[in-house]
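Trainee: sequence first, predicted coordinates after that:
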Amino acid sequence: MGAEGSKHEKKLYFSDEENQLLLQTLSKIDNNGEKVSTSSLQYTETVIEFFEKGVTQKTCWKTSSDTVKTQIAFALLHDLFYPNEAIKKIWGKGPPHPPVLISLEAFERWWLGHCIFSKLEMEMFKHLFKFSPAGETSLLPEATQLPKVSPTMLSAAQVMFLNGALPVNLQSKWRFLFSTSKHGWSFSIFMKQIVSKGPTIFVVEDQSGGKFGGFASVSWEVRPQFHGTPDCFLFSLQPQAGIFHTTGYNNNFMYLNYLEKNTMPNGFGMGGREELFGLWLDYDFGKGLVAPTCTTFASPQLSQHQELEISSIEVWALGPEEEDSDEEEGTRKKKSALDKNPDARAMLDMMGKVAVSDGYREEDNDD
C-alpha cells in the first residue's frame, strides 16, 4: 500500500481510500472525513467470533462466551480508545462515553502497531471465503501432551490474546503440565510438575469466576529468593482482559519456595514483595492472595478479593520440550518405595536431597 499525504501534508502509510475503508469497519467517520468515532466494539467482537468458528473444531480450545469476546475485543482496542494511557490507570472502565474522536493518523498508528488485529481479520476472511493465503501463521499454539479429557479452562480468544503477548519463539507450541482437575490439590505435586520445565504460563480461577495468572520466562526453581527476567508478565482475562509488563522498579519476578528451615514464606508468587505479592498461591494449596497494586508489573488488584479461594489452576510449558537422555538411550529406572509416594518423592526432588532408597529398587514387573 502506497503512502499518500493528507491535506495537512502528513505522510500516512495507507492511502486515503484504504484508511476510509478500514475506519468504516470499526467505527463511524464524522462529516469532514478526518476523524473517527470509537462508538462500538461490535465489529471486533464479530471478527473474534468468526476466528473462533474457524479454529475451535480443529483444536482443544473452546469457544468464548459473548462476555469473553467483549472483554478480549476491548483489550485489543485499548490503545485506540485510550492512547498513551496505562492499562492500570483506566482499569475497570469501559469504552469512552460519550465516544471520542480519533484522527486518521492516530488510527493508523494503532493499526500498524497491532498486527494481531489484521491477522484476526485474515482468519475471518479465510473462514468466510474458504481460502488459505501463502505463508500464513497461526494465532493459536499447537497444544500437546493433553490428557484424555481436555483440561483447559481457556477459550480460543483468550489463548490468542495471551499467545500474542509471548516472545515469538514461544508462540508455536504449548505443552500441558498441570491442572487441579487432573493432578488434584497437592502443592508438592504442583511443584514437581512445573520445576525445570522451561518457560510456563499459568492460569488461576477464583471463587468469583475471575481468571488471571502470569507468564514465567524461565524455568521455575525452588529457592527462597526471586528469580526470572523482565520478560515475565502478569495478566487478567476475566472480568477484564489486560497484560501487565514489568516496570523496571525491581527484579521480583518469580518466587517458588517450600523449605522448612528458613524465614521466607513457603508458596508460589510473582511480583511485589513478601506479604504484598502481585499474585501469591500459598503452600496450603487452594488459598492465595493478590495485592491491591504491584510495583513489579504495574498491575491492579487481579481479583475482586484480596484473599483468594481458588477454584482451579492450569499450567502450560511453552516452546519445545527438553529431551530426556534416559528415554533416548532406551533405559528404564527400576521402582523404589518412593515411587509409590509421589508427594514424598516430589519434596525430595525439590529440596535437592538424594533418595537413599533409589539403591534398593524393586524388580520391575512391567515387562
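Mentor: Structure's in. What do you need?
Trainee: hey, let's count contacts and neighbours off CA atoms from now on
Mentor: OK.
Trainee: burial count for the closest residue to Ser208 other than its chain neighbours?
Mentor: Excluding the flanking residues, the one nearest Ser208 by C-alpha to C-alpha, 6 or more residues apart in numbering is Gln304, at 7.6 Å. A count of nearby residues for Gln304, using other C-alpha atoms under 10 Å, gives 15.
Trainee: over to the one 5 residues further on?
Mentor: The tally of other residues near Glu309 (other C-alpha under 10 Å) stands at 17.
Trainee: on that earlier part again, distance check, the residue nearest to Ser208 against Val55.
Mentor: Gln304 sits 32 Å away from Val55 when distances are taken as C-alpha to C-alpha, to the nearest Å.
Trainee: how far away is Ser64 from Ala317?
Mentor: Separation of Ser64 from Ala317 (C-alpha to C-alpha) stands at 23 Å.
Trainee: what about these two, which has more around it?
Mentor: Legend: neighbour count by other C-alpha under 10 Å for Ser64 and Ala317, higher for Ala317 (26 against 19).
Trainee: what is that one paired to in the beta sheet?
Mentor: Arg175, Thr200 (DSSP bridges).
Trainee: give me the pLDDT for it.
Mentor: Looking at Ala317, its pLDDT reads 97.
Trainee: now Phe14
Mentor: 48.
Trainee: can you check Leu120 too?
Mentor: The model reports Leu120 with a pLDDT of 85.
Trainee: what helix or strand is the most centrally placed residue in the chain located in?
Mentor: The residue lying closest to the centre of the chain (C-alpha atoms, centre = their mean) is Leu162, at 3.7 Å. For Leu162, the element it lies in under DSSP states H and E is helix 156-163.
Trainee: cool, Thr59 as well?
Mentor: Here Thr59, judged by DSSP H and E, is contained in no helix and no strand.
Trainee: same deal with Thr46?
Mentor: If you go by DSSP H and E, Thr46 is part of helix 42-55.
Trainee: what does that helix rub up against?
Mentor: Residues outside helix 42-55 that contact it (C-alpha atoms under 8 Å, 6 or more residues apart in numbering): 25-26, 63-64, 69-70, 73, 120-121, 123-124, 126-128, 156-157.
Trainee: buried ones among those residues?
Mentor: Those of the contacts of helix 42-55 that meet the buried threshold are 26, 63-64, 69-70, 73, 120-121, 123-124, 126-127, 156-157, by 16 or more other C-alpha atoms under 10 Å.
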